[in-house]
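K.L.:
turn this into a structure:
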Amino acid sequence: MVNLAQDVKPVSYVKDHSIEILDYVENSRSPIVITRDGEAKAVIIDIVSYQRTLNAINLAKLLSFGEKDIKNGNLISYEDAKRMFEEKLSGK
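P.N.:
Residues are numbered from 1 along each chain as shown. Coordinates of the predicted model:
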């Protein structure tokens, strides 16, 4: 969660305090919003949070495929799905 009083910094501050910014982002897991001329331009985020965000996006994409299949009537029964998985696992 961004703390607007603390986590919004002008690019000049980031240039002069890059190591501090990286340490803060890594330890707090809070992103820093970088501004230029008073407008938000970029975000610095720690790598763990970034990976979690990518994972969430990928999961949402996979779920959307399932929703599309449901909408289009492309369904199989639980029994058929179970049989298919068992066949794959047994190598048949």
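K.L.:
mind giving me the domain ranges of the chain?
P.N.:
Using automatic domain parsing, the domains assigned to the chain come out as 8-45, 48-90.
K.L.:
okay, the ones you listed in JSON lines with mean pLDDT and mean neighbour count next?
P.N.:
In this view, the C-beta of every residue, glycine as well, is placed from N, C-alpha and C. Below are those laid out as JSON lines (pLDDT from 0 to 100; neighbours: other C-beta atoms under 10 Å):
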{"stretch": "domain 8-45", "mean pLDDT": "94", "mean neighbour count": "13"}
{"stretch": "domain 48-90", "mean pLDDT": "93", "mean neighbour count": "10"}
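K.L.:
pull the residues that contact the helix or strand that contains M84.
P.N.:
Using DSSP states H and E, the secondary-structure element containing M84 is helix 78-90. By C-beta atoms under 8 Å, 6 or more residues apart in numbering, the surrounding residues in contact with helix 78-90 are I76.
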